[in-house]
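J.: Test case, fold it:
(2 chains)
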Amino acid sequence: MNPSLAAVGAAGAPLAGVRIADFTIHAAGPFATHLLSQLGAECIKVESKARPDAFRKPHAVYGRMAAATFDQVSANKLSVRLNLKLPEAVALARRLVAVSDVAAESFRPGVMQRLGLGFDALREARPDIVMLSLSSSGQSGPDSHFAGYAPLFGAWGGLGWMSGYPDGPPVEMRHVMDHSAGLHAALALVAALHQRRRTGRAQHIDLAAREVASAMVGDALVQSALGESPQRPGNGDPSMAPHGVYPTDKPDRWLTLAVRDDAQWRTFARALDQPGAAQDERYATTAARLARRDELDALVAGWLAGRDADAAAALLQRAGVCAHVSWNLQDIADDPHLRARGAVTEVSAPGIPPRPAVGAPARFSVSSGCGIRRLTPALGEDEDYVFGELLGLSRAQRDDLEARQVIY
Amino acid sequence: MPGSDAAAGAELPLAGCRVVERSRTPAAAYAGRLLAAMGADVLMLEPAAGSPLRAAPPLLAGGMPVSALFAYLAAGKRSRVCELPSPGGHEALHAALADADILIDDTPVAEREACGLAPPALARRFPKLVHVSVLPFGDSGPKRDWQAEELNLLHASGEGFLLPNGLSNERFPERAPLKIYGHFAGYQGGCMAALAALSAWWALPAAGGQHVDVSVQDAALAVGAFALQRLGDGSLEHRATRRFRYGGVFQAADGFIELLTLEDRQWDGLVDLLGRPDWSADPALRDPLERSRRGDEINHRVREWMRQHRVDDIVRRAQELGVPAAKYRSPADVVHGAHERARGLFAPAALPDGRPAEVLLAPFQFRASPLALARGVPALDESRQAVPETAR
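T.: Got it, this is the predicted structure:
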C-alpha cells in the first residue's frame, strides 16, 4: 500500500475492508459514503475536472463565493479522476467497481444507465455488487424524473407541510434533510452487505430522499390513511405542558422545556421558586395544563425572563426536568460533552487552520479507528494507489490516459 | 422467525437477524422498526403496563385508543412482557437474549444495573451480543444522565435554533424558534443506532460482541454537519439569515411551493417558466453571483407571479423545464399520492384491536428482494400468546 494511505487506514474499525466506488455528488449521497468511511470503509470518490463535485466550486446561492477548503462529506475519501463521457473512462470505472464491495451514485435516474454504469452493467463487473442509487424521487414511479434538493424532499414528503407555526406557511428543510437521506442510505447499504455475506447475491438499493422525509411523518401518515387530518402542532405537544421554547434574560437566548407529567410540573415550579404554582389546582394535571397552555406559556415565560438560560437548564436538569438551551453552532463547537464523546472533533491540515467537524458517529467498545482520519482530498490525489495499485495501470498507461483526457 | 413467516422473510436483507428491543423512546423504537422492515426478527420487551409509546400522541380516533406513533414504530415487531427489574423479568430478558444477535436498548444509565442491562455484565453473559445503547446524550460524557425530549434534543444539536428559516421567519421574525414536526432528532438517533448495530454485527467475526454507545444529540448534529462546517468557514448561521438568496417557499394561488434553482440551466428554466419577463432580460442576471446579490428583488418578482398560478400547473411546467419545484404536500397527499402508490411505499398493518391500517413500509427499497412487513402492530405480549415458549 502506498505510504500516503497509512493515514486512511482504518484497521480495527467495524467496516474495515469494505471498499466503496463512490459516484455520489452534492450532499445526500456523499454523506452516506462519508458515514461508512467514518466507520472504516475505504471510499474512492470518482470525479473529473470537467464535472467536479459542488464543494470544489463557489456556491453563490449559499453565499459561498469560493471552493470549500474543508468539506465534511468528502473527508476520509480517496479521490480519482475519470471523465465518464469517454468509453475508456467508463471501462475503468467498471474495473474499479469490480474490486469494490459497494457502488454508490446519486445522479438523476437513468444517468448511470446512459453512462453504461447501470446496475446490470455493474453486476457484470462484480456479480455480488451492492449498489446504492439515491435520488430525489426514486428509480421508479411517475415522478421519478423530478429533480430536487433537500427543501423539495421535505415538501414532497409531507415533512415541510407538518412543520411550521400553526398559523404560518410550511417550513423549508435544509441540509439535515439531505443528510438524513444519506444516513438512511448508509444503513440500507450495510444491511445489503449482510445479505450479500449470507447469500452471495448482488443488491440494488433505491432510496428516494422524499420517502425519507415521509418516514419522518410516519405517524401522521397512519392517521391520514385512516381518514384523519393531522394538524401542524408547531412547538406544542399534545401530551406535555409546558412544552416549548421560552425567552430568557438575553436576546435570542432561548430555553427549551418539556415537562413530562404532573410530578415534573411540581418539581419544575419549585425549582424556579414558584411553590404556589406547584400547588395550584388549575395546573395540577396534564389535562388542566394543556387546557390552559397559552396562559401557562405566558406564566413560564415570565418566570424565565430574568434567568440565565444556561444556569436555568443546569438547575432544571439537576431536578430531573427536560431542559436545554437552544444552542447555536458555536455553543456546539465549544461543548465539553460533545468533545468528550468525539462527536465534535477538531481537524486541521496544511493550509487549513484548526476547525470543528463532526466526528465518529458512535462509540464502539471493541472496534477502534472510527472517525475522521483525513480531510478533503485534492482532485485526483489518490490515483497512484487506485489506478496504480488497485487497477494495475502502469505509469505510461496513466500518462497516455491523461493525455487523452480519459483521466481528467 | 416463527412458522410461516420464515419462508416469506428468508429473502429479506436481514433474514435470520434476531433483535431484542427495549424501547421507551422513539429513537430506540425507530431503530428496531428499520431493522424489522429489512427482515430482522424484532422482539419488543415491554413492561407489564406496555411500552409508554403505546400511549404516545397522536392517538387514533375510534375504537380502543391506539397511538398512531406506536402503530408506525411497532409494525412488523413481536411483543413480549418483560418487567424489569424483577426476578421473572431478568429470567425473561436472559431467555430473549440467549439467541439474539442485537439488543437495542434505551434504558437510562442510572437504571441499567438494577435491570440487568449493564454493558459489562451483558458482555460477560452474552459474548456475541451487539448491545446498542441509544440515549438522548449517549451513555458517556458529562451529560449522560441529562434527560430530554425531542424538543430539547433538536435544540441541543443546533438545528432547532436555525428554524424556521425563509418565509416563516420573514413573517414571524419575533417568534421563538420552531421545531421540526414529530421526532426528527429521535429518528436520526434511531437510524444511527441501527447503522451502528449492523456495523458492529458486521465486525462480529473479528471483534466478537460489543457495546455501542449512540447518542440522539450526536446523530442529530451529524445530519446538521453542514452548519458546523459553515462555522468553520467563519459563518455562524442564524435562522433569520439562513435562507437562499433567491428561491424558497412561495405561496401560489391554492397552496405552497418550494422552488430552488442552484444551476445556470435551472435559472434559464425559471425564466422560461415566468414567461421571460422584461426584468429577467437584464444581462447582469446571467451572473449567478449577481443573482445572489439581487435575490430579494428576484424573489419579489417570483412571488408576484406565483400568487397568480396554481400549484399543480406550476410544478408540472417547472419540472418539464428542469426547474426544481415541488408542492408542499399534506400527509393525505402523500398517502394517496400516485407516485407513492406506484412505488408501494405503504404496507397493510392491522392494529392491535384488529382494525386494518396502513404504515409507511420503509424509506428505501431493495430491488433484488422487495421488503415486506412480517406482521402488523402487535398487541401487548402477543408473542407469548402466539408461540408457546416450548416451541421456540
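J.: Look up how far B:Ser140 lies from the closest residue to chain A within the stretch 201-350 of chain B.
T.: Distances between the stretch 201-350 of chain B and chain A by Cβ to the nearest Cβ are smallest at B:Gly232, namely 3.4 Å. No exception for glycine: its C-beta is placed from N, CA and C like everyone else's. Using Cβ to Cβ, to the nearest Å, B:Gly232 is found at 25 Å from B:Ser140.
J.: Can you list the buried residues in the helix or strand where A:Asp294 lies?
T.: Following DSSP states H and E, the helix or strand that holds A:Asp294 is helix A:293-304. By 16 or more other Cβ atoms under 10 Å in any protein chain shown, the buried positions in helix A:293-304 come out as A:293, A:296-297, A:299-301, A:303-304.
J.: For that helix, name the packing helices and strands.
T.: Identification of packing neighbours for helix A:293-304 by 3 or more Cβ pairs under 8 Å, 6 or more residues apart in numbering or on different chains; DSSP states H and E yields strand A:243-247.
J.: mean confidence score for the strand it packs on?
T.: Mean per-residue pLDDT for strand A:243-247: 98.
J.: Show me where chain B dips below the pLDDT cut-off.
T.: B:1-9, B:385-392 (pLDDT under 70).
J.: what are the ranges of the strands in it?
T.: Using DSSP state E, the strands of chain B run over B:18-22, B:41-46, B:59-60, B:66-67, B:78-81, B:102-105, B:130-135, B:210-215, B:248-252, B:255-259, B:325-327, B:346-348, B:358-360, B:365-366.
J.: can I get these in a markdown table with distance to A:Ser79?
T.: As requested, the strands of chain B are exported to a markdown table (distance: least, Cβ to Cβ, whole Å):
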| stretch | distance to A:Ser79 |
| --- | --- |
| strand B:18-22 | 37 |
| strand B:41-46 | 39 |
| strand B:59-60 | 51 |
| strand B:66-67 | 48 |
| strand B:78-81 | 46 |
| strand B:102-105 | 35 |
| strand B:130-135 | 33 |
| strand B:210-215 | 30 |
| strand B:248-252 | 33 |
| strand B:255-259 | 32 |
| strand B:325-327 | 32 |
| strand B:346-348 | 41 |
| strand B:358-360 | 37 |
| strand B:365-366 | 30 |
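J.: want to try a markdown table for those strands, with mean neighbour count and distance to chain A as columns?
T.: Output for the strands of chain B, formatted as a markdown table (neighbours: other Cβ atoms under 10 Å in any protein chain shown; distance: least, Cβ to the nearest Cβ, whole Å):
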| stretch | mean neighbour count | distance to chain A |
| --- | --- | --- |
| strand B:18-22 | 25 | 12 |
| strand B:41-46 | 26 | 13 |
| strand B:59-60 | 20 | 6 |
| strand B:66-67 | 23 | 8 |
| strand B:78-81 | 22 | 18 |
| strand B:102-105 | 28 | 11 |
| strand B:130-135 | 28 | 8 |
| strand B:210-215 | 26 | 4 |
| strand B:248-252 | 23 | 5 |
| strand B:255-259 | 24 | 4 |
| strand B:325-327 | 27 | 4 |
| strand B:346-348 | 17 | 7 |
| strand B:358-360 | 25 | 4 |
| strand B:365-366 | 24 | 4 |
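J.: can you give me the helices in the stretch 51-200 of chain A?
T.: Applying DSSP state H, counting those that start in this stretch to the stretch 51-200 of chain A gives helices spanning A:87-98, A:111-115, A:119-125, A:150-157, A:159-162, A:175-199.
J.: what angle do the fourth one and strand B:255-259 make?
T.: By that I understand helix A:150-157. Going by axes from the mean of the first three to the mean of the last three Cα atoms, to 10 degrees, helix A:150-157 is angled at 150 degrees with respect to strand B:255-259.
J.: mean confidence for helix A:150-157?
T.: Rounded mean pLDDT across helix A:150-157 is 96.
J.: and it, what other elements does it pack with?
T.: Checking 3+ Cβ pairs under 8 Å, 6+ apart, helix A:150-157 ends up next to helix A:159-162, helix A:175-199, helix A:209-215, strand B:255-259, strand B:325-327.
J.: Figure out which of these is closest to B:Ala100.
T.: Counting by Cβ to Cβ, B:Ala100 lies closest to helix A:175-199 out of the helices and strands packed on helix A:150-157; the figure is 15.4 Å.
J.: Near chain A, which residues of the stretch 1-150 of chain B are found?
T.: B:12-17, B:34, B:38, B:56-58, B:60-61, B:67-69, B:71-73, B:119, B:123, B:137-138, B:140-143, B:146-150 (Cβ under 8 Å from any Cβ of the partner chain).
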